[in-house]
Structures are given as structure tokens and as C-alpha cells.
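Undergrad: Sequence and computational prediction follow.
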Amino acid sequence: QQKVQQSPESLSVPEGGMASFNCTSSDRNFQYFWWYRQHSGEGPKALMSIFSDGDKKEGRFTAHLNKASLHVSLHIRDSQPSDSALYFCAARGYGGSGNKLIFGTGTLLSVKP
Amino acid sequence: EAAVTQSPRSKVAVTGGKVTLSCHQTNNHDYMYWYRQDTGHGLRLIHYSYVADSTEKGDIPDGYKASRPSQENFSLILELASLSQTAVYFCASSYRGFSNERLFFGHGTKLSVL
């Protein structure tokens, strides 16, 4: 079964620090990736997408994709307590997955004031 | 921003009972989805729909039915609720299906089956 693996499971950073999340897919057909964020008691909300190799920057958030290694990462600089949430990587699959969006298990971020 | 409303926000059901979770979206999206969230499993797709009166199976459809009576409404039905179906359920919508567009999620329904 196609899977999306995330690491670490949880992460704690000080306010103003850098938070980094990793995601690896198990299928080379995964070409398009999203990062979603879920605050406690709410539904997930899309943060940003990345579809091409290299870096994509949106404000304090930077995503990096390496299709050759099937690895995508997300980095948050100048982390704020409001960034404390569950972060999901999601990959769009092909073929056997029916072109569905496959979510990872998430990384829980805690930003300490 | 796209609005997706789920009801109820939480529900306690008895084993073997029937449960219906409802979802309503107001942004004219064609695609709607039901996901289940469990600790350690992330979000898993149960059913989805791209047009009224038609539904498709997702990755974990067993024990669930779906209904799309109109473009705006999408329901998830548990005919015989079981303990293993205790989870948080999220409805989502998008303009196109599983394309490079983002999904808009509701706030979720916490279901406890006792």
C-alpha cells in the first residue's frame, strides 16, 4: 500500500526558533505534495504546496522537494506559539491509489514561549 | 474562504446503532470527501463524491455508506456502528478532485461508539 512517512512524531522548539519536518513517500508516482496544519479542535488547513524540485518559500514557511529521493520537507523560521499544531504531509498518488490524496501520520509541533 | 460545516460536532452512539454524519458546503465545489482521523494513522479516505447522486469508495470504505443528495450536502452513514469506528471524522471539499488544488476541511465530528 502506498504510504507517506513523516518524522519526527513530535517536535518542541523555542519561540523564535526553526522547526523542521520531514516526509518521505514510498511510491515514485507521487509527484505533488501538500503541507496541511491542524490546530487543536479544528480541521486541517492547507499551508502550501510544492510540485517542482527545489525550494518554495511563503513568508516564514519554506518547503523543499527532492523527487529523486521522494523526500519533501517543511521549515518554519521564527516559530511562534501560534504555530503549535499538528502538521501533515500529503501526497497525490497515481494508479493504484486512484489519484487520491494520501496523508502522512503527522508531526506534532510545540513552540515554547 | 470555502466554508464546510459539519454536524453534529460530537456524538455518542451505541454499538449496533445507526449513525449519520452530515456535511454542508457553500462554495459550489464539485468534490466532497469523508476522512477519518485516528492517532497514529493520520487522515484516511472513506468515501468521496464528484457529482450529486453518486459516491465512490475511498481507501477504507468497509462499514460506511455515503450519500450525496445535492452538490452542497454529503452524508456519512454507519448502519451498524462498532467500537472500532470511534474516531474523529472530517468532511472536505474541493473545486476539482485530487488535483493540485487544496482541500477545505470542516471542523470535524468526534464520534464515540460505546
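TA: In hand now; what should we look at? Numbers count the residues shown, from 1 in each chain, chains lettered A, B, ... in the order given.
Undergrad: what comes into contact with the lowest-mean-pLDDT helix or strand in chain A?
TA: Within chain A, no helix or strand scores below strand A:101-103, which has a mean of 87 by mean pLDDT, DSSP states H and E. With contacts defined as Cβ atoms under 8 Å, 6 or more residues apart in numbering or on different chains, strand A:101-103 is touched by A:2-4, A:25, A:30, A:34, A:36, A:88-93, B:35, B:42-45, B:98, B:103. In this view, the C-beta of every residue, glycine as well, is placed from N, C-alpha and C.
Undergrad: let's see 10 Å
TA: Outside of strand A:101-103, the residues that reach it under the criterion Cβ atoms under 10 Å, 6 or more residues apart in numbering or on different chains are A:1-4, A:6, A:25-27, A:30, A:32-34, A:36, A:44, A:88-93, B:33, B:35, B:37, B:41-45, B:48, B:59, B:92, B:94, B:97-99, B:102-103.
Undergrad: are any of those residues buried, and which?
TA: Of all those considered here, the ones buried according to neighbour count by 16 or more other Cβ atoms under 10 Å in any protein chain shown are A:2, A:4, A:6, A:25, A:27, A:30, A:32-34, A:36, A:44, A:88-93, B:33, B:35, B:37, B:42-45, B:48, B:59, B:92, B:94, B:97-98, B:102-103.
Undergrad: Now for residue 81: which residues touch it?
TA: Chain wasn't specified; assuming chain A. For A:Pro81, the residues meeting the contact criterion (Cβ under 10 Å, 6+ apart) are A:Glu15, A:Ser110, A:Val111, A:Lys112, A:Pro113.
Undergrad: I was thinking of chain B, sorry if that wasn't clear
TA: By Cβ under 10 Å, 6+ apart, B:Ala81 lies in contact with B:11, B:13-19, B:63, B:111-114.
Undergrad: one more time with 7 Å, if that's ok
TA: With contacts defined as Cβ atoms under 7 Å, 6 or more residues apart in numbering or on different chains, the neighbours of B:Ala81 are B:Ala13, B:Thr15, B:Gly16, B:Gly17, B:Val19, B:Val113.
Undergrad: what's around the second one, how many residues?
TA: This means B:Thr15. Residue neighbour count, defined by other Cβ atoms under 10 Å in any protein chain shown, stands at 11 for B:Thr15.
Undergrad: Is it in contact with B:Val113, as I believe?
TA: Yes - counting by Cβ atoms under 7 Å, B:Thr15 touches B:Val113, with 6.0 Å between them.
Undergrad: shared neighbours of the two, which are they?
TA: Here B:Thr15 and B:Val113 share the contacting residues B:Ala81, B:Ser82, B:Leu83, scored by Cβ under 7 Å, 6+ apart.
Undergrad: Return the set of residues that bridge with the residue positioned nearest the centre of chain B.
TA: Residue closest to the mean C-alpha point of chain B, counted by Cα atoms, centre = their mean, is B:Trp34 at 2.6 Å. Using DSSP bridges, the bridge partners assigned to B:Trp34 are B:His47, B:Cys91.
Undergrad: rewinding a little: secondary structure and pLDDT for the shared contacts of B:Thr15 and B:Val113 - can I get that in CSV?
TA: As requested, these are arranged in CSV below (DSSP: H, G, I helix; E, B strand; the rest coil; pLDDT from 0 to 100):
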residue, secondary structure, pLDDT
B:Ala81, coil, 97
B:Ser82, coil, 97
B:Leu83, helix, 97
